[in-house]
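Visitor: coords below, sequence missing:
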């Protein structure tokens, strides 16, 4: 897969009726602290609360009509399951989501709210795969991988594309990396728009598999450690890794404390509910300040789905 | 005080360099649930996180230069103290805030961060008044009451004025009522803009003094009960009460549970950190749905200052 501005723009136009063009927020406090200009692409305000809606919608729209009508299937404990469920709902087709028994109840409720048919399974990669393949076989539904799927990658890249359409003179784009779909899509969109732009990724120290893979030149699987940035526990994939390797300037590690501080700051000062995964690139801005000083940076806030039922006022 | 669109517009233009023109948010989920169209004027995104910045700035700007240079003084445990502190900072003049010893530490820290000189006092109305008057005498600083001050009332009304400039065809404006400054200012702005518009207020059942005062035709003091909507525990004042009496259609009561649910919904679904006081009018939308069905409603989200240090991820 190569950067292709025309193709990427066509994809954005195709999915536009089904997604929000999310706002871009700024903070003078943040800019002053960094000596930089940061544009926050607010995917926590995307439909279903995360950028995942983009990839799932693009994958669904890319199917032939007869294929599409058989529905979509995936396995997920979180945002991707909600994205597939809502994309299917907005297209009027069935969604089947295999959910591990340890998934947060609020996310399962959200998937059901979007009309998905839920199958519970043991919380192992094998059980999830097996159940999803079984459903795909029985129903003919199309399987959508959360991050290692070309259509998903192109779709996720449309967040950066919108950001660059609004701010064509960005020096840097900065995103979190988990499974690699958002990062690979961002690489495609950003370098298609401007071959000289720098793409940085940020990752929790606790699950530094993307950094290690990037340096080793081959995929090193995630340990799945329990970082607070629960969206970033997964491994890179064979489709997204070559794109990431070619177009990413560096992968920046941040500590759990830095992630929590950045997330809390965003809630408290910007009044925006982001999930800790979205706090990861904000934490990187502070820790690697020297990389960003004097620059114009587009940062993607990947999502805002957190379980607030424990919240007490 | 009478509605006066020209005067109100002049005031808005005068304070504009010192405040944010806050965005107006919408939620299709909310609109569908209500069968109405709700425009959420987002004062939680105002400077220092609440509409209070408008009134404090207007009161400060209305002083003569020599008077102004002596500074501003007030007593407050919360948003008004922060507003006076930040207004003074942006005008380059001193601020003195008398703070009761039971005030949340985070709010006191914020006032200090804006450069205010803090004097702690016992948490009684008498002690607060006494200390503030003492400082006013010693320093010559001008005392700004949080809600019962003409300039403050005109200033708070500019939130509704901006909202109506953006959406001139609103049928209803809905705000929370505590001390009455925002409600009175909203009454002035809204009825000046459109004499046929309806202004509703919402109030916690636990501190229903505004509702009781409205029905009795005289000010009945607040019991100061510990509603979760901590911004709404205060009593109406002699300057704002006549305006409220004349121009408000009704005051709608909501329960503590309804306030918490509405606040949590706004965090979870809209990803916006609002304080429980701002959840009060959203709760009223649901409880008094029959009043709002088929209408276009401007709702002021009054603020977003909550103490998040207890928050665990």
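Guide: Nice, I can see it. For clarity, every value in this text was computed on a predicted model and none was experimentally measured.
Visitor: could you pull out the strands for the stretch 1-150 of chain A?
Guide: A:24-25, A:37-42, A:72-75, A:95-100, A:117-121, A:142-143 (DSSP state E, counting those that start in this stretch).
Visitor: helices or strands up against the third one?
Guide: For strand A:72-75, the contact count by 3 or more CB pairs under 8 Å, 6 or more residues apart in numbering or on different chains; DSSP states H and E identifies helix A:52-61, helix A:79-91, strand A:95-100, helix A:125-139, strand A:142-143 as packing neighbours. (Each C-beta comes from the backbone N, C-alpha and C, glycine too.)
Visitor: state the mean pLDDT of stretch A:35-52.
Guide: In this model, stretch A:35-52 has a mean pLDDT of 97.
Visitor: that older thread, in CSV: the strands of the stretch 1-150 of chain A, plus mean neighbour count.
Guide: Formatted as CSV, the strands of the stretch 1-150 of chain A follow (neighbours: other CB atoms under 10 Å in any protein chain shown):
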stretch, mean neighbour count
strand A:24-25, 18
strand A:37-42, 22
strand A:72-75, 28
strand A:95-100, 24
strand A:117-121, 16
strand A:142-143, 18
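Visitor: now the ones you listed as TSV including distance to residue B:276?
Guide: Output for the strands of the stretch 1-150 of chain A, formatted as TSV (distance: least, CB to CB, whole Å):
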stretch	distance to residue B:276
strand A:24-25	23
strand A:37-42	24
strand A:72-75	37
strand A:95-100	33
strand A:117-121	33
strand A:142-143	44
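Visitor: most tightly packed of the helices and strands packed on strand A:72-75?
Guide: The highest mean neighbour count among the helices and strands packed on strand A:72-75, using mean count of other CB atoms under 10 Å in any protein chain shown, belongs to helix A:52-61: a mean of 29.
Visitor: that helix and chain B in contact?
Guide: No. Helix A:52-61 lies out of reach of chain B by CB under 8 Å from any CB of the partner chain, never closer than 13.9 Å.
Visitor: give me the angle between that helix and helix A:79-91.
Guide: Helix A:52-61 and helix A:79-91 are oriented at 50 degrees to each other (axes from the mean of the first three to the mean of the last three CA atoms, to 10 degrees).
Visitor: by contact count, what packs against helix A:52-61?
Guide: Helix A:52-61 packs on helix A:5-15, strand A:72-75, helix A:79-91, helix A:150-156, helix A:158-166, going by 3+ CB pairs under 8 Å, 6+ apart.
Visitor: rerun at 7 Å
Guide: Judged by 3 or more CB pairs under 7 Å, 6 or more residues apart in numbering or on different chains; DSSP states H and E, the packing partners of helix A:52-61 are helix A:5-15, helix A:79-91, helix A:150-156.
Visitor: do the second one and chain B meet?
Guide: Same thing as helix A:79-91. No. On the criterion CB under 7 Å from any CB of the partner chain, helix A:79-91 is out of touch with chain B, staying 12.1 Å away.
Visitor: looking at chain A, which helix or strand does the model trust least?
Guide: Scoring the helices and strands of chain A by mean pLDDT, DSSP states H and E places helix A:105-113 at the bottom, with a mean of 89.
Visitor: contact partners of that one?
Guide: Contacts to helix A:105-113, defined as CB atoms under 7 Å, 6 or more residues apart in numbering or on different chains, come from residues A:77-78, A:81-82, A:85, A:97, A:99, A:118, A:305, A:307, A:309.
Visitor: tell me what angle it forms with helix A:79-91.
Guide: 20 degrees.
Visitor: how far out from the middle of the chain is helix A:105-113?
Guide: 19 Å (CA atoms, centre = their mean, to the nearest Å).
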